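[1] The amino acid sequence is not available; the structure is as follows:
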């Protein structure tokens, strides 16, 4: 079993930055890829970015160049550094882990989810 807990969300002005954290428990966590998804009000959950156990990263086009995913396996924590935030980045952000050892852009392929953290970007 893996338990994920996100933190770091909040209210920020456009152009600002936030860093989200996803703290995990579970012995095999370090082997799993971890993705970040977000869900805005009235919209479907969408892929934001992901990081493999070795640090390889993947990003949605909408956040490429602004967001950076990373992980510290010694701390069992994954991060999402978000810079140059825009109002359209406003959403609940979730981290998710996959036991398939593969990165997927589809939320249904992930087995463990955190509770989510709200990010609000004001214009």
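    Great, that's in hand. Quick caveat, the model's predicted, so the values are computed rather than measured. Residues are numbered from 1 along each chain as shown.
[2] Run a quick neighbour tally on the closest residue in space to residue 25 that isn't next to it in sequence.
    Counting by C-beta to C-beta, 6 or more residues apart in numbering, the nearest residue to residue 25 once its immediate chain neighbours are dropped is residue 3, at 4.7 Å. Just so you know, the C-beta spots here come from the backbone N, C-alpha and C atoms, and that holds for glycine as well. Burial of residue 3 is recorded as 14 neighbouring residues (other C-beta atoms under 10 Å).
[3] Could you pull up the contacting residues of residue 3?
    24-26, 112 (C-beta atoms under 8 Å, 6 or more residues apart in numbering).
[4] Quick one: buried ones out of the residues you listed?
    24, 112 (16 or more other C-beta atoms under 10 Å).
[5] Pick out the most distant pair among the contacts of residue 3.
    Spatially, the most separated pair among these is 25 and 112, at 10.1 Å (C-beta to C-beta).
[6] joint contacts of these two?
    Common neighbours of residue 25 and residue 112 (criterion: C-beta under 8 Å, 6+ apart): 2-3.
[7] The residue lying closest to residue 8 once chain neighbours are set aside: which element?
    Nearest residue to residue 8 in three dimensions, chain neighbours excluded: residue 20, at 4.2 Å (C-beta to C-beta, 6+ apart). Of the helices and strands defined by DSSP states H and E, residue 20 is found in strand 18-25.
[8] and that strand, which strands flank it?
    Paired strands of strand 18-25, with direction, are strand 3-7 (antiparallel), strand 77-82 (antiparallel) (DSSP bridges).
[9] Need the winner for burial among those.
    strand 77-82 (a mean of 22; mean count of other C-beta atoms under 10 Å).
[10] Give me the helices and strands touching the following helix or strand past it, please.
    As assigned by DSSP H and E, the chain's next helix or strand after strand 77-82 is strand 91-97. In terms of contact count using 3 or more C-beta pairs under 8 Å, 6 or more residues apart in numbering; DSSP states H and E, strand 91-97 is assigned the packing partners strand 3-7, strand 18-25, strand 34-39, strand 77-82, strand 112-113, strand 117-122.
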